[in-house]
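Enquirer: sequence? don't have it. structure:
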Ligand SMILES: C[S@@+](CC[C@H](N)C(=O)[O-])C[C@H]1O[C@@H](n2cnc3c(N)ncnc32)[C@H](O)[C@@H]1O
């Protein structure tokens, strides 16, 4: 069964999109997009032969070979120009950043780019802000005890985001839905536990002020 994280990603792909999944690994996401009728055509891309062979096996077993094309390439360098939605998920921010920057001039071909970095999501948002792109949707998903933030962007011009928006997410802050509030609660709890164990006063105060910041966001 597909993970909750990948399933959530699939719900953020616009209906009818020609999607490309970069770093597809097992190609679970492309198969989900086809099986749920979200896409009629998907490009499953990976830089390494092993994962792509695994992807081909999954695609064939799912009966999706006619709709999913596998491509061996770094990033989206060989993705055809008809793709209009890109997903880059399950990697560190530095890898995602390299993929985005390597073919920067082609980013505007995508109506929506879904980014899910396993770490440093604030750096991801800072990059989006520095490049004056727009965050159109965000989601928090808890999967197997781990929190993931999904950031959907477009290349439409945006004047930039505030430090608070970069840290917590402009859409998440505005919407403050139940998932985001529960996400904040988990972070507060985790930080309270860390603060109770930290002996360095400076570090402890930093953590406590972050807890305070999150409590204020929660309440306003
Ligand atoms: C941890 S898996 C993530 C799989 C899937 N995207 C997910 O979210 O579950 C990372 C995959 O990205 C591939 N990868 C790493 N760097 C890449 C790059 N520069 N371009 C394309 N694929 C890359 C790896 O070969 C690997 O299969």
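Expert: Here it is on my side, so go on. Note that the structure is predicted; figures quoted are calculated from it, not measured. Numbering: from 1, shown residues only.
Enquirer: Which strand or helix spans residue 9?
Expert: helix 4-11 (DSSP states H and E).
Enquirer: Over to residue 53?
Expert: With DSSP H and E as the test, residue 53 turns up in helix 49-61.
Enquirer: just how off-centre is the following helix or strand past that helix within its chain?
Expert: Toward the C-terminus, helix 49-61 is succeeded by strand 68-72 as the next helix or strand (DSSP H and E). Its chain's average C-alpha position is 21 Å from that of strand 68-72, according to Cα atoms, centre = their mean, to the nearest Å.
Enquirer: contact partners of strand 68-72?
Expert: Outside strand 68-72, the residues that touch it by Cβ atoms under 8 Å, 6 or more residues apart in numbering are 24, 27, 30-31, 34, 41-47, 49, 52, 55-56, 59, 78-79. The C-beta positions use only the backbone N, C-alpha and C, and glycine is treated the same way.
Enquirer: how about the residues of the chain that lie near the ligand?
Expert: Neighbours of the ligand within the chain, by Cβ under 6 Å from any ligand atom: 22-25, 45-48, 51, 74-75, 89-91, 95, 99.
Enquirer: which residue ranges form the strands in this protein?
Expert: Per DSSP state E, the chain carries strands over the ranges 19-22, 42-46, 68-72, 85-91, 112-117, 134-143, 146-154.
Enquirer: and the one residue sitting closest to the centre of the chain, bridged to which residues?
Expert: The centroid of the chain falls nearest to residue 116 when counting by Cα atoms, centre = their mean (1.8 Å). Taking DSSP bridges, one obtains residue 89 as the residues bridged to residue 116.
Enquirer: wait, what's in contact with it?
Expert: Residue 116 sits next to 5, 9, 87, 88, 89, 90, 148, 149, 150, 151 when contact means Cβ under 8 Å, 6+ apart.
Enquirer: Closest one of these to residue 108?
Expert: residue 88 (15.9 Å; Cβ to Cβ).
Enquirer: what's near enough to touch the closest residue to the closest one other than its chain neighbours?
Expert: Closest residue to residue 88 apart from its sequence neighbours, by Cβ to Cβ, 6 or more residues apart in numbering: residue 22 at 4.7 Å. Neighbour list for residue 22: 45, 46, 75, 76, 79, 86, 87, 88, 99 [criterion: Cβ under 8 Å, 6+ apart].
Enquirer: Please parse this structure into its domains.
Expert: Domain ranges of the chain: 4-166, 176-220, per automatic domain parsing.
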